[in-house]
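Participant: sequence first, predicted coordinates after that:
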Amino acid sequence: MKAQNKKTLIYWSLFNNENWNLYIAATEKGLCYVGAQNKPFEELSDWAAKRFPGSHLVENNEKLNIYAEELKEYFSGKRKNFTVPFDYHGTEFQVAVWNALCEIPFGETKSYSDIANHINKPAAVRAVGAAIGANPVLITVPCHRVVGKNGSLTGYRGGLEMKTQLLDLERK
């Protein structure tokens, strides 16, 4: 994944909603980061340093409000799709995978092979897994909806407990 060269302002906020506490961040172009549940600020700052070298992290709840509102609606069961703009950066392959994830319907799951087939790269199952693992915007780009071919839960950047909670929330 290529790091961004220009110095970017990244606005961040700690999203708190019932039992959910996670850092979210956006540039002027859109949501660029949704962190794992209950992880420290360093998860965000380390990611920003790697993906946006020289960027400036600025706490700004107001700028993140539009993203927080959609997340609140999702957690309350009122939202099944996100409409906010994204500003994620990856290889052409990663972006194809992330876009395919956005097409998995709410409450459904797909396998890594399904995603590989969907992007016309059936032999790239492991690469699909790596691209999913690099997804910078958890929940909103629903990588939690990808499971093993036999339906088993597999790795998730936010941890299997978070993945289970998200899948359970969508099954209600």
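Facilitator: Received it, and whenever you're ready, just let me know what you need.
Participant: helix or strand: which one has the residue lying farthest from the centre of the chain?
Facilitator: Distance from the centre of the chain peaks at Ala123, with 24.0 Å (C-alpha atoms, centre = their mean). Using DSSP states H and E, Ala123 sits in no helix or strand.
Participant: surely it and Tyr112 touch.
Facilitator: No. Contact criterion C-beta atoms under 8 Å: Ala123 and Tyr112 do not qualify, at 11.9 Å. For glycine as for every other residue, the C-beta is placed from the backbone atoms N, C-alpha and C.
Participant: tell me the mean pLDDT for the longest strand along the chain?
Facilitator: Criterion DSSP state E: the longest strand present in the chain is strand 9-17. Strand 9-17 comes out with an average pLDDT of 96.
Participant: buried residues in that strand, which are they?
Facilitator: 10-13, 15 (16 or more other C-beta atoms under 10 Å).
Participant: next one: stretch 50-57
Facilitator: Under the neighbour-count criterion of 16+ other C-beta under 10 Å, stretch 50-57 has 51-52, 55, 57 buried.
Participant: please save the CA atoms from that stretch in PDB.
Facilitator: Taking Å, rounded to 0.1, in the frame of the first residue of the first chain, the C-alpha atoms of stretch 50-57 are listed here in PDB:
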ATOM      1  CA  LYS A  50       2.500   4.800   8.300                       C
ATOM      2  CA  ARG A  51      -0.200   5.700   5.800                       C
ATOM      3  CA  PHE A  52      -0.100   9.500   5.900                       C
ATOM      4  CA  PRO A  53       3.500  10.400   6.800                       C
ATOM      5  CA  GLY A  54       3.800  13.900   8.200                       C
ATOM      6  CA  SER A  55       0.100  14.200   8.700                       C
ATOM      7  CA  HIS A  56      -1.400  16.100  11.500                       C
ATOM      8  CA  LEU A  57      -3.900  14.500  13.800                       C
END
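Participant: please renumber so the chain begins at 264
Facilitator: Renumbered: residue one is now 264, and that last one reads stretch 313-320.
Participant: how about the residue farthest from the centre of the chain, what does it touch?
Facilitator: Contacts for Ala386 (C-beta atoms under 8 Å, 6 or more residues apart in numbering) come out as Ala379.
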